[in-house]
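Peer 1: Structure for this input, please:
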Amino acid sequence: MQITLITDNTICQQQLAPYESKSWPHLLGKPIDEAIEEIKRENPEYHVEKLPLHCPMKLDVRPNRVRVFFDEEDKVARVPQNG
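Peer 2: Residues are numbered from 1 along each chain as shown. Sure thing, here's the model as predicted:
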């Protein structure tokens, strides 16, 4: 098995280029469905995941994914961000 170590940061940046790091702090406390609609309106290419707070999840990074965590009142419980 061969493992390639990428030491050139420009390669990583090129892969992330269409999806720069983004967060939506103003959505904290908003109704979950409203928040998801706003994120999708801003960029329809985002894959938005609706997850309960403290839900187990994979720790992989996908720049086109936005995880939106909600509480027992269906309000956004953490600042949504892509990655």
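Peer 1: which ones are touching the residue lying closest to Gln81 once chain neighbours are set aside?
Peer 2: Leaving aside its sequence neighbours, Gln81 sits nearest to Ser23 (CB to CB, 6 or more residues apart in numbering; 3.9 Å). C-beta coordinates here come from the backbone N, C-alpha and C atoms, glycine included. Residues in contact with Ser23 (CB atoms under 8 Å, 6 or more residues apart in numbering) are 79-82.
Peer 1: In helices, which of those residues fall?
Peer 2: Of the contacts of Ser23, none are assigned to helices by DSSP state H.
Peer 1: among the residues you listed, who's most crowded?
Peer 2: The residue in these with the most neighbours, by other CB atoms under 10 Å, is Pro80 (25 neighbours).
Peer 1: ok, now which ones touch the residue lying closest to Asp74 once chain neighbours are set aside?
Peer 2: Sequence neighbours aside, Ile32 is the residue nearest to Asp74 in space, at 4.9 Å (criterion: CB to CB, 6+ apart). With contact taken as CB under 8 Å, 6+ apart, Ile32 is in contact with 50, 68, 70, 74-76.
Peer 1: correct me, but Asp74 touches Gly29?
Peer 2: No: assessed by CB atoms under 8 Å, Asp74 is found out of contact with Gly29, at 11.1 Å.
Peer 1: which one of the two has more residues nearby?
Peer 2: Asp74 (14 against 11).
Peer 1: what's the distance between that one and Asp33?
Peer 2: Distance of Asp74 to Asp33, computed by CB to CB, to the nearest Å: 8 Å.
Peer 1: ranges for the strands of this structure?
Peer 2: 47-52, 65-70, 81-82 (DSSP state E).
Peer 1: avg pLDDT for stretch 29-47?
Peer 2: Averaging pLDDT along stretch 29-47 gives 96.
Peer 1: again with stretch 55-69
Peer 2: Stretch 55-69 shows an average pLDDT of 93 in the prediction.
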